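Engineer: A structural model of the following input is requested.
(2 chains)
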Amino acid sequence: GDSVTQTEGQVALSEEDFLTIHCNYSASGYPTLFWYVQYPGEGPQLLFRASRDKEKGSSRGFEATYDKGTTSFHLRKASVQESDSAVYYCALSDGSSGSWQLIFGSGTQLTVMP
Amino acid sequence: GALVYQYPRRTICKSGTSMRMECQAVGFQATSVAWYRQSPQKTFELIALSTVNSAIKYEQNFTQEKFPISHPNLSFSSMTVLNAYLEDRGLYLCGARLGINQDTQYFGPGTRLLVL
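Structural biologist: This next block holds a predicted model:
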């Protein structure tokens, strides 16, 4: 079945550091890819999505580019802030499989220190 | 923007009792709703997919007898956890889609279920 892999379980950075969270996916069809952010006590919030190869999604300084060749959708931010501390989830939705459920990665806990 | 509310935010129930949770879409029509459970380890399990005027599709480890869902209109869905036990604890999330051809889900804040 379809799957999403996030290699970093936890990332600790200082303010203004560069962020990369790796996301690779496996899907039988042509999925739409998402990044969600979850703050303590809240549900996941959509950061952005991309639905075709080479499309770049971006929001709040975060960005990721859909790469069908490497099956990746890595999250990057040039300069993180303490308020970016949260759990980040990469996810996919593959409508070609007949189901529109979201398949989530295991999540990456980002901690940004002042 | 799309807003999804869930009620209650947090609930505690005794083992073997039941509790009902609600999901309300505001500002858009939620033609489809997905219910997930997020475990204490933060992994997501899909419980069921519900589309208005269509049969609700439950995932393998979840049944209608245990998690009955109602989706009577385009702005409201509810789910009950019947006969709750310790393994049912977690954060129950409602994800709503704006339309059948939309692939983006917007989530509510979740209902946290604690079972004593």
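Engineer: How about the contacts made by residue A:90?
Structural biologist: Residues in contact with residue A:90 (CB atoms under 8 Å, 6 or more residues apart in numbering or on different chains) are A:4, A:6, A:21, A:23, A:25, A:33-35, A:73, A:75, A:104-105. Where you see a C-beta, it was placed from the backbone N, CA and C, and this is true even at glycine.
Engineer: Filter those down to the buried ones.
Structural biologist: Neighbour-count burial (16 or more other CB atoms under 10 Å in any protein chain shown) is assigned, among the contacts of residue A:90, to A:4, A:6, A:21, A:23, A:25, A:33-35, A:73, A:75, A:104-105.
Engineer: out of those, which are inside strands?
Structural biologist: A:4, A:6, A:21, A:23, A:25, A:33-35, A:75, A:104 (DSSP state E).
Engineer: And the contacts of whatever helix or strand residue A:112 lives in?
Structural biologist: According to DSSP states H and E, residue A:112 maps onto strand A:108-113. When contacts are defined by CB under 8 Å, 6+ apart, strand A:108-113 is touched by residues A:6, A:8-15, A:17, A:19, A:21, A:80-89.
Engineer: Is it possible to mark the buried ones in these?
Structural biologist: Neighbour counting over these (16+ other CB under 10 Å) leaves A:6, A:8, A:11, A:13, A:19, A:21, A:80, A:84-89 as the buried ones.
Engineer: Tell me which two of those residues sit farthest apart.
Structural biologist: A:13 and A:89 (18.0 Å; CB to CB).
Engineer: Now residue B:87: phi and psi?
Structural biologist: Dihedral pair for residue B:87: phi -70, psi -10, per degrees, to the nearest 10.
Engineer: Please determine how far it is located from chain A.
Structural biologist: Taking CB to the nearest CB, to the nearest Å as the measure, residue B:87 falls 20 Å from chain A.
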